[in-house]
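Colleague: Starting from these lines, generate the structure:
(one chain, ligands or ions: 2)
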Amino acid sequence: MTVATITFHRHPPQQIHPRETAGRYNRLRWAMVWFSQVIFYGTCWLRWDDRQAVLFDIAGRKAYLFGLVLWPQDALLLAWLLVLAATALFFVTALAGRVFCGFACPQTVYTAIFRWIEARIEGDHLARARRDAAPWGPAKLARRGSKFALWALVAGWTGITFVGYFTPMQPLLTDLAAGAPGPWAGAWIVGYALFTFVLAGFAREMVCLHMCPYARFQGVMFDADTLTIGYDQPRGEPRRPRGARQAEPAGDCVACNQCVQVCPTGIDIRDGLQYQCINCGLCADACDTVMTHVGAPTGLIRMMSAQPGGHAAHGYWREIARRLRTPRALAYLVVMAAVSLAMVWQLATRVPLQLDVLRDRQSLAREGADGRIENSYTLRLLNMREAARSVAIEVRDLPGGALIGPAVHAVEAGRVSTVSITVAAPPGERRQQPLRLQLQALDGSGDRAEAASVFFNPR
Ligand code: SF4
Ligand code: SF4
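Modeller: Ligands and ions are numbered 1, 2, ... in the order given. So this is what the prediction gives:
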């Protein structure tokens, strides 16, 4: 099997101001920006019954996902979800390289938003580079100040929205308006806003190059079939400027350097696959514009694989279809299907009722007035449904065992009730006898929970 090689180049330390470009990859990137941000900024405002539809309530130790209420006992579901997300990321990377980096990563998305604001206030890439080099004066101060103020607004609202997924949004806004959001909420809003401001405003693609671990280990997920943005070298070389093409043989590359000027990481894709490339496709957009202008076919820079045939103009979707049939892609698909089935099975068999039993350690066993032996227990009854209901307790597996006192108890919606019970049974021959306690919901749902414990006889 041919293994794709990734070249490591030194990166220029100064701030990069890429030229703006238009094209299908740019449109796709902005579609992802809108899609992800409408979901992020909008979902925390949705209501379900009389509560926030999506809320990870840390104080209440519950997660609300529309009609589903998850408890700490459902942590395995979260683990499955993380495995599914990681496998999906590996699958997409093996299939099409760093498309997550170029189109869906929050760092890319917020950098695109912040850069858009910057271009509206400070002008194009040339004006921004000139202003960087110019001394500070009133004009530079005014433009930079306006830009920072707008960035701060976006970052601040991002921080509030983020915290609004962990504490209910409407009370949070009321507290913020009163200037008292509480120490934890306040610290997280400020911290997350600062994080967004610095990473999207200043660090930008440096995060991808120097901080993101995914950029480092993705090389092991690449192979010769992986689709990445690449330069069709046989077609493009020898590159010659338009004025020098008559005298010597020339490939399709007109050496205009547009692909380098639009690159947010400042690399030249014509040097081959490099770890700095985030697969954003902007160089392909720029080159397509140039090719159209000079009357040559587009696709000199495009999504391609490193296979010998990958450089031919197969078409993107045919490459994807071919790649989907490789053993690696099929293995990822099988893992994702298995994990999804495990999640569905766990959700389908989940019982929203739970019982925990604690023995009373003060008195192990005592003899009652009727000669039977009595043991005391503390029960924790967890009702995970969003409706109050009654439950019946029953003693199992203990010969002659019965409850003393009421067997039916009420449990509030989404609450834990603590109940003390006494179990009585005729004296047994053994020091310890096993017993099970069963909890049965009386709301017709059929929900049932059990817990095991022991029954002690006096010595
Ligand atoms: S944009 Fe296209 S034509 Fe211009 S230098 Fe890059 S590869 Fe060559
Ligand atoms: S080389 Fe092209 S695809 Fe890679 S980061 Fe630069 S512009 Fe984006």
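
Colleague: Please report how far residue 127 lies from ligand 2.
Modeller: Separation of residue 127 from ligand 2 (Cβ to the nearest ligand atom, to the nearest Å) stands at 21 Å. For glycine as for every other residue, the C-beta is placed from the backbone atoms N, C-alpha and C.

Colleague: Residue 432 now?
Modeller: From residue 432 over to ligand 2 (counting by Cβ to the nearest ligand atom), the distance is 68 Å.

Colleague: quick one, what contacts that residue?
Modeller: 454-457 (Cβ atoms under 8 Å, 6 or more residues apart in numbering).

Colleague: Most neighbours among these, please name it.
Modeller: In terms of neighbour count, residue 455 stands highest of the contacts of residue 432 at 25 neighbours, by other Cβ atoms under 10 Å.

Colleague: Does that one lie in a helix or a strand, and which?
Modeller: strand 448-456 (DSSP states H and E).

Colleague: Over to residue 223?
Modeller: Short version, using DSSP H and E: residue 223 is in no helix or strand.

Colleague: related to what we said a few turns ago, which one of the contacts of residue 432 is nearest to ligand 2?
Modeller: residue 454 (64.8 Å; Cβ to the nearest ligand atom).

Colleague: Isn't the closest one up against residue 436?
Modeller: No. The pair residue 454 / residue 436 is not scored as a contact, 10.5 Å apart, by Cβ atoms under 8 Å.

Colleague: any idea how far ligand 1 is from the one residue sitting closest to the centre of the chain?
Modeller: Closest residue to the average C-alpha location of the chain: residue 85 at 7.3 Å, with Cα atoms, centre = their mean. For residue 85, the distance to ligand 1 equals 35 Å [Cβ to the nearest ligand atom].

Colleague: got the residues of this protein near ligand 1?
Modeller: 236, 239, 253-259, 270, 286-287, 290, 300-301 (Cβ under 6 Å from any ligand atom).

Colleague: ok, 5 Å please
Modeller: 253-254, 256, 258-259, 287, 290 (Cβ under 5 Å from any ligand atom).

Colleague: Can I get those residues in a markdown table including pLDDT?
Modeller: A markdown table is the format used below for these (pLDDT from 0 to 100):
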| residue | pLDDT |
| --- | --- |
| 253 | 95 |
| 254 | 94 |
| 256 | 94 |
| 258 | 96 |
| 259 | 96 |
| 287 | 97 |
| 290 | 96 |
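
Colleague: From the residues you listed, which land in helices?
Modeller: Counting by DSSP state H, the part of those found in helices is 258-259, 287, 290.

Colleague: so what's the residue nearest to residue 396 when sequence neighbours are not counted up against?
Modeller: Leaving out its chain neighbours, the residue that sits closest to residue 396 by Cβ to Cβ, 6 or more residues apart in numbering is residue 436, at 4.1 Å. Residues near residue 436 by Cβ under 8 Å, 6+ apart: 395-397, 450-453.

Colleague: Quick one: the strands in the stretch 151-300 of the chain, in order.
Modeller: Shown for the stretch 151-300 of the chain, the strands assigned by DSSP state E, counting those that start in this stretch span residues 228-231.

Colleague: can you give me the helices in it?
Modeller: 169-177, 183-198, 205-206, 213-217, 233-236, 258-261, 282-294 (DSSP state H, counting those that start in this stretch).

Colleague: Quick check: phi and psi on residue 90?
Modeller: The phi/psi pair for residue 90 (degrees, to the nearest 10) reads phi -60, psi -40.

Colleague: returning to what we had before: tell me the angle of the helix or strand hosting the residue nearest to residue 396 relative to strand 448-456?
Modeller: Per DSSP H and E: residue 436 is located in strand 432-441. Counting by axes from the mean of the first three to the mean of the last three Cα atoms, to 10 degrees, strand 432-441 lies at 160 degrees to strand 448-456.

Colleague: returning to what we had before: could you identify the most distant pair in the ones in helices among the residues of the chain next to ligand 1?
Modeller: Among these, the pair separated by the greatest distance (Cβ to Cβ) is 259 and 290, at 8.3 Å.

Colleague: which one of those two has more residues nearby?
Modeller: Neighbour totals were compared for residue 259 and residue 290, and residue 259 leads with 24 against 19 (other Cβ under 10 Å).

Colleague: just to revisit the earlier point, can you redo the ones in helices among the residues of the chain next to ligand 1 as a markdown table with distance to residue 102?
Modeller: Shown next, in a markdown table, are those (distance: Cβ to Cβ, whole Å):
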| residue | distance to residue 102 |
| --- | --- |
| 258 | 18 |
| 259 | 15 |
| 287 | 16 |
| 290 | 20 |
